[in-house]
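Q: got a predicted structure here, sequence first:
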There are 2 protein chains.
Amino acid sequence: MNNNAIGVFDSGVGGLTCVSELQKILPHEDIIYLGDTARIPYGTRSKETVFEYAKQDVAFFREHNVKMIIVACGTVSAVMMTYPIFNDGELSSGVLYPAVRAACDSTRNKRIGVIATSASIKSGGYGKAIREIIPDAKLVGKACPMFVPLVENGYTDRGNEVAKIIARDYLQVMIDEDVDTLIMGCTHYPLLRDIISDIMGEKVTLISPGAEAAKYALRTLSEKDMLTSNKQNGKLELYCTDSVELFTENVKTILGSDINGKIYRTVLK
Amino acid sequence: MNNNAIGVFDSGVGGLTCVSELQKILPHEDIIYLGDTARIPYGTRSKETVFEYAKQDVAFFREHNVKMIIVACGTVSAVMMTYPIFNDGELSSGVLYPAVRAACDSTRNKRIGVIATSASIKSGGYGKAIREIIPDAKLVGKACPMFVPLVENGYTDRGNEVAKIIARDYLQVMIDEDVDTLIMGCTHYPLLRDIISDIMGEKVTLISPGAEAAKYALRTLSEKDMLTSNKQNGKLELYCTDSVELFTENVKTILGSDINGKIYRTVLK
């Protein structure tokens, strides 16, 4: 057993979709969350810049001595396939591999779609990971750069006309290409699940990267006998790099009004 | 006379609306432009974080020994009213005062609207500056956080349905409050001028902050006898903090396909 916390990071609040899943399936674990809100978004930046920021995010968790680091950011997860940020033996997970694994388990027609940030799509990481499991899979990738601003500004209701027009435009290629499984490759996107689901229809399986990464953490910590011996509910500590006030507003919309965790500001180096 | 360059900065490409105006009215001046693309957007961040970034932007121009620094970023211009970034005697201009001056000259009913980023509106800077000139003016402020993503992602055509819905939503309060002058308080917004103009109607005067700042620079440099003695067209050097490739694409959409300037990457400290 190991009673240290699990570290989870993202550029902003999107990665909290992973935290809320972790809290469901690993309720006794302490979690430390970092949102690099002074530099969000990552997904429209170059891979070199994403790499620099990600190294600083990881350094933060090394200082906090966590037992596992979850990269709850689709962009960093994709970029780190060519720019590794972890040392050998360091327990970690991105959202890319768990999501790809789930998609490959789900697909029947071997036609898998990925919607993600521009940086993720450009990285080519999803195609590489999918072909390792299903060599003749057809991957349809689509960058959706407006989805993060839509989520960060609350355009997420099922009936929101703006979000519906933008989503239909981005997703048309997925319908044309007949994908039966769609990876929402950015942890912000599950907050648009209703709208995406209405457009794609019931027959298409939607894969949520944060949820799959949480399941992967459960399996890994169990196998390595590193689950906590704590019997009470785990504590949640949240860190951001811009103002706590701004972050708190956004956190509430995802974790609900009762945040049940402490929020601090930190400086990354 | 002074043959040093004029420095212009913004978080991204929005400030180029000021550069293209400078090139029209001061064609012989050299211009150095900085876009802090590794950390765009500024307008959704806290004033403390904007202040930190702005200090680094200014330090960049001090190293380049420019004769005047134009803050072609509405957010920094608003925040620096309470967090000064310039030394006494340093020749500089934000976009706020020139825009406010033009708005106060234009208004007939003393009802002035300002659309800007969340950070600019929260700063209270526009109200303060307007009341210094017209003490009984009515200011209607509205944060438009989706406008920067719309511009950065090319949703700017007059007929764009998404941009029209979002703009109508933001601007309704300006119509309800009967403003006769509207300051587009973020240098990105003039790229949505057609859509904003269609909604506000011909009778409302739209103030473009980049253009007003360029006129202010012309007046100031003339008065101080600091115009260049150069008789050829001035040179343009562009710097960004993320990849040159990504920046070049965006610059083209604003300055036209013939950039006629050199683009470099720099690191701010």
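A: Nice, I can see it. Numbers count the residues shown, from 1 in each chain, chains lettered A, B, ... in the order given.
Q: and stretch A:35-55, end to end?
A: Stretch A:35-55 has an end-to-end distance of 14 Å (C-alpha to C-alpha, to the nearest Å).
Q: so is it next to chain B?
A: Yes - Stretch A:35-55 reaches chain B (C-beta under 8 Å from any C-beta of the partner chain) through A:37, A:38, A:39, A:44, A:45, A:46, A:48, A:49. From N, CA and C alone the C-beta is placed, and that goes for glycine too.
Q: in a strand, the fifth one, correct?
A: No - when classified by DSSP: H, G, I helix; E, B strand; the rest coil, residue A:45 is found to be coil rather than part of a strand.
Q: could you pull up phi and psi at it?
A: In terms of degrees, to the nearest 10, the main-chain angles of residue A:45 are phi -100, psi 170.
Q: quick check: domain ranges of chain A?
A: Domain assignment for chain A by automatic domain parsing gives A:6-94+A:211-265, A:96-209.
Q: re the thing from before, can you flag the buried ones in the residues of stretch A:35-55 next to chain B?
A: When those are checked for burial by 16 or more other C-beta atoms under 10 Å in any protein chain shown, the buried set is A:37, A:38, A:39, A:44, A:45, A:46, A:49.
Q: contact residues of the stretch 51-200 of chain A facing chain B?
A: So far as C-beta under 8 Å from any C-beta goes, the stretch 51-200 of chain A lies against chain B at A:145, A:146, A:149, A:152, A:153, A:155, A:161, A:162, A:165, A:166.
Q: what subset of the residues you listed is buried?
A: Buried residues within those, counting neighbours by 16+ other C-beta under 10 Å: A:145, A:146, A:149, A:152, A:153, A:155, A:162, A:166.
Q: residue B:149 is in contact with the third one, correct?
A: Yes - using C-beta atoms under 8 Å, residue A:149 makes contact with residue B:149 at a distance of 3.8 Å.
Q: shared neighbours, those two?
A: Listed as contacting both residue A:149 and residue B:149 by C-beta atoms under 8 Å, 6 or more residues apart in numbering or on different chains is no residue at all.
Q: rewinding a little: so which of the residues of the stretch 51-200 of chain A next to chain B are in helices?
A: Taking DSSP state H, the ones among these that sit in helices are A:149, A:152, A:161, A:162, A:165, A:166.
Q: let's have those residues in JSON lines, adding distance to residue B:120.
A: Formatted as JSON lines, these follow (distance: C-beta to C-beta, whole Å):
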{"residue": "A:149", "distance to residue B:120": "17"}
{"residue": "A:152", "distance to residue B:120": "17"}
{"residue": "A:161", "distance to residue B:120": "27"}
{"residue": "A:162", "distance to residue B:120": "23"}
{"residue": "A:165", "distance to residue B:120": "28"}
{"residue": "A:166", "distance to residue B:120": "25"}
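Q: got those as a markdown table, with pLDDT columns?
A: Listed next are those as a markdown table, based on pLDDT from 0 to 100:
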| residue | pLDDT |
| --- | --- |
| A:149 | 91 |
| A:152 | 84 |
| A:161 | 97 |
| A:162 | 98 |
| A:165 | 98 |
| A:166 | 98 |
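Q: in space, what's closest to the closest residue to chain B within the stretch 151-269 of chain A - neighbours in sequence excluded?
A: Nearest residue of the stretch 151-269 of chain A to chain B, counting by C-beta to the nearest C-beta: residue A:243, 3.5 Å away. Leaving aside its chain neighbours, residue A:243 sits nearest to residue B:46 (3.5 Å; criterion: C-beta to C-beta, 6 or more residues apart in numbering or on different chains).
Q: tell me what the host helix or strand of residue A:173 is packed against?
A: Applying DSSP states H and E as the criterion places residue A:173 in helix A:161-176. Other helices and strands packing on helix A:161-176, by 3 or more C-beta pairs under 8 Å, 6 or more residues apart in numbering or on different chains; DSSP states H and E, are strand A:111-116, strand A:138-143, helix A:147-152, helix A:193-200, helix B:161-176.
Q: just the buried residues of the fourth one, please?
A: Neighbour-count burial for helix A:193-200 flags A:195, A:196, A:199, A:200 (criterion: 16+ other C-beta under 10 Å).
Q: out of the helices and strands packed on helix A:161-176, which is closest to residue A:173?
A: Residue A:173 lies closest to strand A:138-143 among those, at 5.7 Å (C-beta to C-beta).
Q: could you give the separation of the closest one from the chain centroid?
A: 18 Å (C-alpha atoms, centre = their mean, to the nearest Å).
Q: swap in stretch A:180-192?
A: 9 Å.
Q: ends of that stretch, how far apart?
A: Start-to-end span of stretch A:180-192 (C-alpha to C-alpha) is 18 Å.
Q: what's the separation between residue A:63 and residue A:22?
A: When C-beta to C-beta, to the nearest Å is applied, the distance between residue A:63 and residue A:22 equals 21 Å.
Q: between the two, who's got more neighbours?
A: residue A:22 (26 against 8; other C-beta atoms under 10 Å in any protein chain shown).
Q: and the helix or strand harbouring that one, what does it pack onto?
A: According to DSSP H and E, residue A:22 maps onto helix A:16-25. Other helices and strands packing on helix A:16-25, by 3+ C-beta pairs under 8 Å, 6+ apart, are strand A:6-10, strand A:31-35, helix A:209-223, helix A:244-255.
Q: in the third one, which residues are buried?
A: Buried residues in helix A:209-223, defined by neighbour count with 16+ other C-beta under 10 Å: A:209, A:210, A:211, A:212, A:213, A:214, A:215, A:216, A:217, A:218, A:221.
Q: over to the last one?
A: Within helix A:244-255, the residues that qualify as buried are A:244, A:246, A:247, A:250, A:251, A:254, A:255, counting by 16+ other C-beta under 10 Å.
Q: which helices and strands does the one helix or strand residue A:61 maps to pack with?
A: Following DSSP H and E, one finds residue A:61 within helix A:47-63. On a contact count with 3+ C-beta pairs under 8 Å, 6+ apart, helix A:47-63 meets strand A:6-10, strand A:31-35, strand A:68-71, helix A:74-79, helix A:118-123.
Q: so can I have CSV of these showing mean neighbour count and distance to residue A:104?
A: Conversion of those to CSV gives the following (neighbours: other C-beta atoms under 10 Å in any protein chain shown; distance: least, C-beta to C-beta, whole Å):
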stretch, mean neighbour count, distance to residue A:104
strand A:6-10, 28, 24
strand A:31-35, 25, 28
strand A:68-71, 27, 20
helix A:74-79, 32, 16
helix A:118-123, 23, 18
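Q: this completes my enquiry, with thanks.
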